[in-house]
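Engineer: fold the stuff below for me.
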Amino acid sequence: GAILNDLANQSNNKQSTTGDIPECTDGATPAYVEIALYEGSTAVVGSTDVPFRVDLVNGQIFTEEVPQLELEPGTYSLEHFMVYDAAGNLLWVAPRG
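Structural biologist: Next up, the predicted model:
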């Protein structure tokens, strides 16, 4: 919590906005994401074949805290990122590459 608050305070000091976050169509509300994080060629959290699901905080664009995302310092790549609504409808896909 303290780390997240510190990051939020730092982002408030910058002139950052969330204006580049896409709007959902038809009033869809994002509910969870599926991700795959890799360190080199090794899957660390989820995989491209079986992504890891992380619920979003209700009414926010942030994921809930989960132990699987408490990673050791290192270089990771996000190889899969998809956002779904509560009914399982795909809303957004992050491009790869």
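Engineer: give me the neighbour count for residue 38.
Structural biologist: Residue 38 sits with 18 neighbouring residues when counted by other Cβ atoms under 10 Å. From N, CA and C alone the C-beta is placed, and that goes for glycine too.
Engineer: and it, what does it touch?
Structural biologist: By Cβ atoms under 8 Å, 6 or more residues apart in numbering, the contact set of residue 38 is 44, 76, 77, 79.
Engineer: that one and residue 67: what is the separation?
Structural biologist: Residue 38 sits 18 Å away from residue 67, going by Cβ to Cβ, to the nearest Å.
Engineer: in the protein, where is pLDDT below threshold?
Structural biologist: Flagging of the chain using pLDDT under 70 yields the residue ranges 1-27, 97.
Engineer: change it to 50
Structural biologist: Within the chain, the ranges that satisfy pLDDT under 50 run 1, 13-16.
Engineer: and the strands in it?
Structural biologist: 30-39, 42-45, 52-55, 77-85, 90-93 (DSSP state E).
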